[in-house]
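Visitor: any chance you could fold what I've pasted below:
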Amino acid sequence: MNAFEDGNTFNQDFKVKLQLFEQTLKSGFTQYFDVDEIEDIIIHYIDENNVLFAKKALDFGLTHFPYSNALKLKQAHILSIEQKTHEALTILNSIKSLELQNPDFYILQGNIYSQTGLKEEAVLSYKNALNYTDMPDEIYSMIASEYIDLKKMPDAQYYLKKAIEINPNNESSLNELGLCYEITQQTDEAIDFFTQTTNAHPFNFIAWFYLGVNYNRALQFEKAINAYDYALALNDKFASAYFNKGNSLAQLNRYQEAIVMYRETFLYESPEASTYYHIGECFENLSKYDEALVNYHKTIKLDNEFADAWFSICIVLDIQNRIVESIHYAKKAIELNPFISDYWYVYAEIQAKLGFIEEAIEGFEKVLDLGYLDFDIYLDYSKALFESGQFEKSEECLTIALDKFKDASEVYYRMSGIKMKLGKRKEALTYLEQALTLDFTKQNDLFDYLPNLKNDEAVIQIIQAFKSK
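Guide: Residues are numbered from 1 along each chain as shown. Sure thing, here's the model as predicted:
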C-alpha cells in the first residue's frame, strides 16, 4: 500500500511529513523525524521506484538512529534493489541474532537468495518466516514461486493451495496455481479444483476465470464460455476474461461474437497486438478479407516482429490474387522465424505461381528439411521438379513419398503420371491400378496433372474396368 493511503482514505499526516522531509533535504535545516516515520518514508520511495530519495532518507535515518535494525533492514533492501546482494546479505548477517523472530528479516533474506539463484535457501528463509507471521498466505505464495522456478510443481501446488485455503481471493496464488496446472497439463485436476473453489466461493471471479481457461483447454468451449460469463458478471472490467471468451467463441466458429469480445478488451486495457491478430483471424474466417488485412496491419504496427501476422497478410493477399504483393510478407515472416515449415511452404507455392520454379524448389526443400509430415509436400515438390525438367529427381521424390505414405492414392496417381512422362508405360499403368484401388474417386488427380491422358486408350480402359467392378 502506498504510504499516502490508509485503507481508502488519504493520509494527510504522512503527506505533510513527506513534504517536510523533502524541504529538509532542500534547505539543510534539521527537522526531527522518529525512526518509524523515516522507515515509512523509505518504504514510500521504494514503492515509487525512487531509489535515489530512498537512499537519502536512509542516510538521514542512519545518521540519527545508527543502531536501528529496522533501518538496517531497509538498507539491505535498497542494496538488493541495486543488485548488491553480497553487501545486502552481509548486513542481514550482522543483525540476524537480534531479528530471529522478525518475519520481515526472513522474507528479505529469502528475496535476496532468490535474486541470486539460491532457490532452496530462499525456501528455507520463507519457511522460517512462517513461524512469526500473521500473513502466512503471502509467504506460502512466495515458497510456491521458488518451487515453480525449481520445476517442483507438486510442491508448488501444495503451497499455493494452502495459500488459497487461507485467502481464497489471493489473486497471485490463483494465477500461479493456474500456471502450474498449465505447465503440468493437469487439465482435469484443474477443473476439479476450480470447480470446488467456485462452489465454495461463488463470488471469486479469478477462480471462475481459471475454470474457463481449463474448460477451454479441455475443448469444452460452451462450459468455458459459461465460466467466463460468471467471471465477467462479477468483474465487468476483466479484460482477460473478454479475450478468452473470444477465443472460445472463435473455436465454435462464432466469429462475429468473438470479434465483439476481443474489441471489448480495448475498453479496459491498451490494445495489444495479439488481440488485433485474433480479430483479423475472425474476419478472415468470415471471408471479410479487407477487414482482416486492416487488423493484421494493426498487429504489426504494434509489434513489428509478430511473424504470424506477416504470414496471415501473405495468405489473405494470395486469396485476393494479389500474389506479387504477398511474397514480401512471406519473406518477412520467414525472416522473423525461419523454422516454421508452413511459412516456407506458402513461400514456395507463391514462387511457383509467379513462375520462379528454382526459388519454389528451394522453398519446398526447406519445408522437407523442417520435418513437414503430410504427403502433399511431396506432390508439390515433385511437380516443381517436373516443371523444371528434373524428371528423374521428381520420380525419386515420389518414390520416397510412397515409402512414407503407402495408402495415399494421390501419390500413386502422380507417380503414374510421372512414369508416363518418362515413357515407362507399363509401370505407369501399374501405379494407376494401385491408385484406383485405393481411391477410385480421385482419378481426376491424374488428368489435372496430365490432361492429355484423357485420350490415352489404355488409361481409359483401366478406369472403365475399375468402374464396372
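Visitor: which parts of the helix or strand harbouring S248 are buried?
Guide: Taking DSSP states H and E as the criterion, S248 maps to helix 239-251. By neighbour count with 16 or more other CB atoms under 10 Å, helix 239-251 contains the buried residues 239-250. Every residue, glycine included, has its C-beta placed from N, CA and C.
Visitor: setting aside sequence neighbours, what's the nearest residue to N295?
Guide: Distances taken as CB to CB, 6 or more residues apart in numbering place G280 nearest to N295, at 3.6 Å, with adjacent residues excluded.
Visitor: from what I see, that neighbour and A292 are in contact.
Guide: Yes. If you go by CB atoms under 8 Å, G280 and A292 touch, sitting 4.7 Å apart.
Visitor: more neighbours: these two, which one.
Guide: Per other CB atoms under 10 Å, whichever of G280 and A292 has more neighbours is G280, with 28 against 23.
Visitor: sorry, back to before: overlap of the contact sets of G280 and A292?
Guide: Contact criterion CB atoms under 8 Å, 6 or more residues apart in numbering; residues shared by G280 and A292: S312.
Visitor: ok so, going back, and the buried residues of helix 239-251 as CSV, adding pLDDT and distance to A54?
Guide: What follows is the buried residues of helix 239-251, written out as CSV (pLDDT from 0 to 100; distance: CB to CB, whole Å):
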residue, pLDDT, distance to A54
A239, 97, 33
S240, 97, 33
A241, 98, 37
Y242, 98, 38
F243, 98, 37
N244, 98, 39
K245, 98, 42
G246, 98, 42
N247, 98, 42
S248, 98, 45
L249, 98, 48
A250, 98, 47
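Visitor: of those, which is the nearest to K152?
Guide: S240 (27.0 Å; CB to CB).
Visitor: I figured that closest one hits F209, correct?
Guide: Yes. Counting by CB under 8 Å, F209 is a contact partner of S240 at 6.7 Å.
Visitor: where are the low-confidence patches of the protein?
Guide: Scanning the chain for pLDDT under 70 picks out 1-10, 469.
Visitor: in what helix or strand does the closest residue to I327 other than its chain neighbours lie?
Guide: Leaving aside its chain neighbours, I327 sits nearest to I350 (5.2 Å; criterion: CB to CB, 6+ apart). Under the criterion DSSP H and E, the helix or strand holding I350 is helix 341-353.
Visitor: buried residues, that helix. List them.
Guide: Buried, per 16+ other CB under 10 Å, within helix 341-353: 341, 343-352.
Visitor: any chance of the residues you listed in TSV, with distance to A458 too?
Guide: Formatted as TSV, the buried residues of helix 341-353 follow (distance: CB to CB, whole Å):
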residue	distance to A458
S341	39
Y343	42
W344	39
Y345	35
V346	38
Y347	39
A348	34
E349	33
I350	37
Q351	36
A352	30
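Visitor: and of the residues you listed, the nearest to L79?
Guide: L79 has its nearest neighbour among those in Y343, at 47.8 Å by CB to CB.
Visitor: hmm, K332 and the closest one touching each other?
Guide: No. Applying CB under 8 Å, one finds Y343 not in contact with K332, separated by 9.6 Å.
Visitor: overlap in contacts, those two.
Guide: Here Y343 and K332 share the contacting residues A307, scored by CB under 8 Å, 6+ apart.
Visitor: chain center to stretch 83-101, what's the gap?
Guide: In terms of CA atoms, centre = their mean, to the nearest Å, the centre of stretch 83-101 is set 38 Å apart from its chain centre.
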